[in-house]
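Let's see this in three dimensions:
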Amino acid sequence: LNENLANAHAVITIRYNLVKQNVNIAEDAGMGWEKAEA
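Numbers count the residues shown, from 1 in each chain. Sure thing, here's the model as predicted:
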C-alpha cells in the first residue's frame, strides 16, 4: 500500500508541475501578445 501511495504521489506531483509549467508558458505568451498589440 505504501508503495502504491508513493507512486500515486509521484505521478500527481509530476502532473502538477507540468500544469504549472503550462500556466507559466501561457502567461508569458499572453504578455508577449499584449506587448505586440501595444
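
Count residues in the vicinity of residue 7, would you?
Applying other CB atoms under 10 Å, we find 10 other residues in the vicinity of residue 7. Heads up, the C-betas are built off the backbone N, CA and C, glycines and all.

meant to ask about residue 5
Taking other CB under 10 Å as the definition, residue 5 ends up with a neighbour count of 9.

Show me which residues of the helix or strand where it lies are buried.
Taking DSSP states H and E as the definition, one finds residue 5 inside helix 2-37. Taking 16 or more other CB atoms under 10 Å as the basis for neighbour counts, none of the residues of helix 2-37 comes out buried.

And the average pLDDT for it is what?
What helix 2-37 shows for mean pLDDT is 94.

ok now that helix, how far from the chain's centre?
Its chain's C-alpha centre and that of helix 2-37 lie 0 Å apart, by CA atoms, centre = their mean, to the nearest Å.

Let the chain start at 169 from now.
Right, with 169 as the first residue, what we last looked at is helix 170-205.

what's that helix packed up against?
In terms of contacts (3 or more CB pairs under 8 Å, 6 or more residues apart in numbering; DSSP states H and E), helix 170-205 is packed against no helix or strand at all.

and residue 169, how many neighbours?
Counted with other CB under 10 Å, residues neighbouring residue 169 total 5.

State the distance from it to residue 182.
To residue 182, residue 169 is 21 Å away according to CB to CB, to the nearest Å.

can you check residue 191 too?
Distance check for residue 191 against residue 182: by CB to CB, it reads 15 Å.

now do residue 174
Between residue 174 and residue 182 the distance is 13 Å, computed by CB to CB.

One more: residue 173?
To residue 182, residue 173 is 15 Å away according to CB to CB.

swap in residue 200?
With the distance defined as CB to CB, residue 200 ends up 27 Å from residue 182.

next one: residue 192
Between residue 192 and residue 182 the distance is 16 Å, computed by CB to CB.
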